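K.L.:
Mind folding the following:
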Amino acid sequence: MSAAEILEERADQLVADDESYLTALVSIRRSRGPSVELVAERMSVSPETVRELERYDANPTLSVLRRYALAVGAQVTHRVDVLPEIVEPSEAEPELQA
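P.N.:
Numbering: from 1, shown residues only. Model prediction:
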């Protein structure tokens, strides 16, 4: 797999993770019942802002995601992992000839 393909695969996974966070949080809000208006009040934003946030194509910042989570009675946690370096074949050390 080329470096570009690895990076694209990683980027696709990040997008999927972000979408799953938002989907889970919206599901929590709907199951617990706080209205859009109440969530907006708790976040100090307009109800329209909450409606836009809940759209499938929203791309909230991490701080907005955390504020929304708090407003619906949830918590978003993250962790940082070090990924293996991507080395292009041309950058790899040449094989030693015997």
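K.L.:
what's around the nearest residue to residue 53 once chain neighbours are set aside, how many residues?
P.N.:
Nearest-residue entry for residue 53: residue 60, 5.7 Å, with adjacent residues in sequence omitted and distances by CB to CB, 6 or more residues apart in numbering. For every residue, glycine as well, the C-beta is placed using N, CA and C. Residue 60 has 17 neighbours, counted by other CB atoms under 10 Å.
K.L.:
So which bits of the lengthiest helix in the chain are buried?
P.N.:
Secondary structure assigned by DSSP state H gives helix 3-32 as the longest helix of the chain. Across helix 3-32, burial judged by 16 or more other CB atoms under 10 Å covers 21, 22, 25, 26, 29.
K.L.:
Tell me who's in contact with the spatially most central residue of the chain.
P.N.:
Against the mean C-alpha coordinate of the chain, by CA atoms, centre = their mean, the closest residue is residue 18 at 2.2 Å. For residue 18, the contacting residues are residue 59, taking CB atoms under 8 Å, 6 or more residues apart in numbering as the criterion.
K.L.:
gap between it and residue 31?
P.N.:
Note on residue 18: its distance to residue 31, by CB to CB, to the nearest Å, is 21 Å.
K.L.:
for residue 42, same thing?
P.N.:
17 Å.
K.L.:
Lowest mean pLDDT among the helices and strands, pick that one out for the chain.
P.N.:
Here the helix or strand of the chain ranked lowest by mean pLDDT, DSSP states H and E is helix 3-32, holding a mean of 91.
K.L.:
List the buried residues of the helix or strand that comes right after that one.
P.N.:
Stepping forward along the backbone from helix 3-32, the first helix or strand reached (DSSP states H and E) is helix 36-43. Neighbour counts over helix 36-43 (16+ other CB under 10 Å) mark 36, 39, 40, 42, 43 as buried.
K.L.:
can you pull the contacts of the last one?
P.N.:
Residue 43 sits next to 49, 50, 67, 68, 71 when contact means CB under 8 Å, 6+ apart.
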